[in-house]
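Engineer: Quick one: sequence and predicted model below, then my questions.
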Amino acid sequence: GAVVSQHPSWVICKSGTSVKIECRSLDFQATTMFWYRQFPKQSLMLMATSNEGSKATYEQGVEKDKFLINHASLTLSTLTVTSAHPEDSSFYICSASFLGRGEKLFFGSGTQLSVL
Amino acid sequence: GENVEQHPSTLSVQEGDSAVIKCTYSDSASNYFPWYKQELGKRPQLIIDIRSNVGEKKDQRIAVTLNKTAKHFSLHITETQPEDSAVYFCAAEGNTDKLIFGTGTRLQVFP
């Protein structure tokens, strides 16, 4: 199947710092990437939909100024958690589909963020 | 917006028995329903999916059924094995092209 690479897989940072997470589609062009957040033993909550070359669409309740999403190319999307706080600690996971929508979604390996 | 409910939250079965996980969705326009398996600390893996124009789909020990009228869909795993133990998520996609996930079911298969 399609491969989606996500880095870093694990990051620990101090409160107030910013963290950038990269998501790459390795063998297909992803016009749309989705960013999810998952707390322990909970479901995947959609944070935003990232379209190549345009601004991301954020879900209700997600702060767009805190979670900056950039999708500059067809194979790369980044999520930057700005001024991270302990409550931002979570598992962040990207996904992409060569169909440009939620069908046949392939996930990155996820990033476990721990903010001290 | 779309809301997906999933039951049960935990399910324990003996090896060789069947396991059934059920989901309901709220958006009647939803037309795509995948199931994902997620092992601890790993990415979700697509195991089977079904579109709204099909009532049932089977892939070896895994099957999915869809009842559009009732807005229900279910995952059936037969002859369960210990390696089937994981968290399973259902999801639904509607006209918004976004995939909304259920709350997950933790399946444990005891040898």
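Structural biologist: Happy to help now that I have it. Numbers count the residues shown, from 1 in each chain, chains lettered A, B, ... in the order given.
Engineer: only C-alpha atoms for contact and neighbour calcs from this point on.
Structural biologist: OK.
Engineer: who does B:Cys90 bridge with?
Structural biologist: The partner list for B:Cys90 in beta bridges (DSSP bridges) reads B:Trp35.
Engineer: Tell me which residues touch it, please.
Structural biologist: By Cα atoms under 8 Å, 6 or more residues apart in numbering or on different chains, the contact list for B:Cys90 reads B:4, B:6, B:23, B:33-36, B:101-102, B:104.
Engineer: The same query, at a cut-off of 10 Å, please.
Structural biologist: Contacts of B:Cys90 were listed using Cα atoms under 10 Å, 6 or more residues apart in numbering or on different chains, and they are A:43, B:4-7, B:21-25, B:33-37, B:46, B:48-49, B:73-75, B:99-105.
Engineer: Please flag which of these sit within helices.
Structural biologist: If you go by DSSP state H, the contacts of B:Cys90 have nothing in helices.
Engineer: Assign B:Lys42 to helix, strand or coil.
Structural biologist: Under the three-state scheme (DSSP: H, G, I helix; E, B strand; the rest coil), B:Lys42 adopts coil.
Engineer: which one is it nearest to, not counting chain neighbours?
Structural biologist: Once flanking residues are discounted, B:Lys42 sits nearest to A:Ser109: 6.2 Å by Cα to Cα, 6 or more residues apart in numbering or on different chains.
Engineer: Mind checking if the worst-scoring helix or strand of chain A on mean pLDDT is in reach of chain B?
Structural biologist: Across the helices and strands of chain A, mean confidence by mean pLDDT, DSSP states H and E is lowest for strand A:106-107: a mean of 88. Yes. Under the criterion of Cα under 10 Å from any Cα of the partner chain, chain B is reached by strand A:106-107 at A:106-107.
Engineer: So what are the sheet partners of the next helix-or-strand element following that strand and their directions?
Structural biologist: Toward the C-terminus, strand A:106-107 is succeeded by strand A:111-115 as the next helix or strand (DSSP states H and E). Strand A:111-115 pairs in its sheet with strand A:10-13 (parallel), strand A:90-97 (antiparallel), by DSSP bridges.
Engineer: Return the most buried member of the ones you listed.
Structural biologist: strand A:90-97 (a mean of 26; mean count of other Cα atoms under 10 Å in any protein chain shown).
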